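S.K.: Fold the following, please.
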Amino acid sequence: MKKKLLFVINTLGYGGAERAMLDLFDALDPQKYEISLFVLTGQGELSHELPKHVRLLNRDYKDVSVLTGEGRKLLIRSVLRAGSKKGLFLRRASYLLKNFRDMRRRGKILPDKLCWRVLSDGAPLIRKEYDLAVAYLEGGATYYVAEHVKARKKAAFVHIDYGKAGYTRKLDRDCYQKFDRIFTVSDEVRAHFLEVYPEHEKKVSVFHNLINQERIRQMAEQGSGFDDEFQGYRILTVGRLTQQKRYDIAIQAMALLKEKCSAPVRWYVLGEGELRESLRQQIKDAGVEQEFIFLGVKENPFPYYKNCDLYVHATGFEGKSIAIQEAQTLGKPILATDCSGNREQIVHDIDGRMCPLDPKCVSEEIFWMIAHPEKCKAYGEQAKKKTLNSTTGFEAFQALIG
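M.R.: Down below sits the predicted model:
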């Protein structure tokens with residue numbers, strides 16, 4: 001008899017966690033496991049990349065990114081529909097108000113975090129019972145699996161610095177007590193999670209993302225990526241246009257680099273998000289409209305990695321960056337800011353460089369790397385040799401299934 005597995009995720013867009021989940025699906029033997037997937041928001045453009053042995057449970061699925069204008073409208077409708085169901089807005093009014101006040105007190109209001117509880121409680125119920133139910137992302141997916149799914153065992157994945165991402169025990173309502181195992185994607189993510197939930201230390205273990213490096217290398221050969229005929233130095237960053245990714249720092253760094261560097265340089269960004277228009281204004285104000293370019297989301301980003309000169313990951317915090325691992329797989333020199341997640345992936349001056357999250361520091365490091373191509377080539381070669389896949393977490397995951 002095949003073991004019945006249910007995975008639940010918030011959205012299915014072009015994000016690191018979503019891609020890591022697809023690689024996990026590929027690693028699970030379809031002869032042993034019957035895999036189902038439920039997407040809480042019912043939308044995301046990666047549905048066409050699901051393996052054939054994975055069954056998508058959503059009846060009315062929309063192949064639209066939540067980061068586009070159309071996608072955001074659909075998401076708002078989903079929240080309103082869920083909140084109207086069984087009077088959830090009224091029933092959760094106290095919860096929403098208390099957490100809103102808590103966020104305002106901490107100086108950071110996060111509407112998406114407030115909506116996860118409403119989406120979770122208003123989502124369609126899955127009547128089937130599973131051998132293992134997996135909440136593959138924090139927030140809504142975790143709340144849904146904890147409170148609305150029947151399973152012999154339950155597991156949760158944590159992909160981010162839990163506290164810095166804005167999660168609290170008040171938001172979670174201690175849902176992690178209902179999980180048999182909690183997997184974090186890095187040692188630092190584990191440490192930060194346990195700062196919030198120290199009582200769960202014995203059931204928290206590290207599951208490093210499974211990366212299909214051969215697929216990345218093959219896809220990198222499919223096309224050239226850049227098509228603007230630019231002949232200078234290309235910098236690439238891949239990531240959603242959100243506050244976490246700190247594109248404001250990157251834009252300021254590019255402006256400083258433009259003043260200092262005589263060689264032509266362009267900084268390209270693959271990604272979408274709610275900050276696109278405000279970032280465009282920042283680009284205009286900084287005078288780097290020709291140098292800092294948004295390319296949107298690309299179904300195959302890997303030719304862009306292959307043909308860039310430098311990959312930069314200037315973020316405020318991370319869990320474990322898939323984008324850094326993809327750049328390492330393709331042997332690219334990398335500059336990353338010294339923050340949680342990033343520092344676990346790069347050894348400074350061995351397989352890349354690290355610096356503080358500051359425009360001047362970022363620009364100076366890029367300038368140094370442009371001036372030292374042989375050193376950067378050595379960084380890339382060293383990064384390419386890294387062993388990115390560990391089977392320890394995967395083995396523990398399979399053992400949990402039984």
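
S.K.: so what pLDDT did Leu96 get?
M.R.: Per-residue confidence (pLDDT) for Leu96: 90.

S.K.: What distance do you get for it to Asp121?
M.R.: 12 Å (CB to CB, to the nearest Å). No exception for glycine: its C-beta is placed from N, CA and C like everyone else's.

S.K.: And Ala378, by the same measure?
M.R.: Separation of Ala378 from Asp121 (CB to CB): 53 Å.

S.K.: What mean pLDDT does the lengthiest strand in the chain get?
M.R.: When the chain is parsed with DSSP state E, its longest strand is strand 150-158. The pLDDT scores in strand 150-158 average 97.

S.K.: for it, packing partners?
M.R.: Applying 3 or more CB pairs under 8 Å, 6 or more residues apart in numbering; DSSP states H and E, one finds that strand 150-158 contacts strand 129-135, helix 140-148, strand 181-184, helix 392-401.

S.K.: try 10 Å
M.R.: Here strand 150-158 touches strand 3-9, helix 16-27, strand 129-135, helix 140-148, strand 181-184, helix 187-196, helix 392-401, going by 3 or more CB pairs under 10 Å, 6 or more residues apart in numbering; DSSP states H and E.

S.K.: Give me the buried positions along the fourth one.
M.R.: What that stands for is helix 140-148. By neighbour count with 16 or more other CB atoms under 10 Å, helix 140-148 contains the buried residues 140-146.

S.K.: picking up where we left off before, list residues touching both of Leu96 and Asp121?
M.R.: 83, 88 (CB atoms under 10 Å, 6 or more residues apart in numbering).

S.K.: These two: who's more crowded?
M.R.: Neighbour comparison, Leu96 and Asp121: the larger count goes to Asp121, with 20 against 16 (by other CB atoms under 10 Å).

S.K.: Next, the residue nearest to that one when sequence neighbours are not counted: secondary structure please.
M.R.: Nearest non-adjacent residue to Asp121, counting by CB to CB, 6 or more residues apart in numbering: Leu88, 5.6 Å away. The three-state assignment at Leu88 reads helix, by DSSP: H, G, I helix; E, B strand; the rest coil.

S.K.: Over to Ile109?
M.R.: Assigned with three-state DSSP, Ile109 falls in the coil class.

S.K.: quick one: the closest residue to it other than its chain neighbours from Leu171, how far?
M.R.: Excluding the flanking residues, the one nearest Ile109 by CB to CB, 6+ apart is Met103, at 4.6 Å. Met103 sits 9 Å away from Leu171, taking CB to CB as the criterion.

S.K.: Is it correct that Pro333 is in contact with Tyr305?
M.R.: No. Between Pro333 and Tyr305 there is no contact under CB atoms under 10 Å: 11.6 Å.

S.K.: CA atoms only for the helix or strand where Ala250 lies, dumped as PDB, please.
M.R.: Assigned by DSSP states H and E, Ala250 belongs to helix 247-260. C-alpha atoms of helix 247-260 as PDB (Å, rounded to 0.1, in the frame of the first residue of the first chain):
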ATOM      1  CA  TYR A 247      16.200  46.700  -3.200                       C
ATOM      2  CA  ASP A 248      16.400  50.200  -1.800                       C
ATOM      3  CA  ILE A 249      20.000  49.400  -0.700                       C
ATOM      4  CA  ALA A 250      20.800  47.900  -4.100                       C
ATOM      5  CA  ILE A 251      19.500  51.000  -6.000                       C
ATOM      6  CA  GLN A 252      21.500  53.400  -3.800                       C
ATOM      7  CA  ALA A 253      24.600  51.100  -4.200                       C
ATOM      8  CA  MET A 254      24.200  51.300  -8.000                       C
ATOM      9  CA  ALA A 255      24.000  55.100  -7.900                       C
ATOM     10  CA  LEU A 256      27.300  55.200  -5.900                       C
ATOM     11  CA  LEU A 257      28.900  52.600  -8.300                       C
ATOM     12  CA  LYS A 258      27.900  54.700 -11.300                       C
ATOM     13  CA  GLU A 259      29.800  57.700  -9.900                       C
ATOM     14  CA  LYS A 260      32.900  55.700  -9.100                       C
END
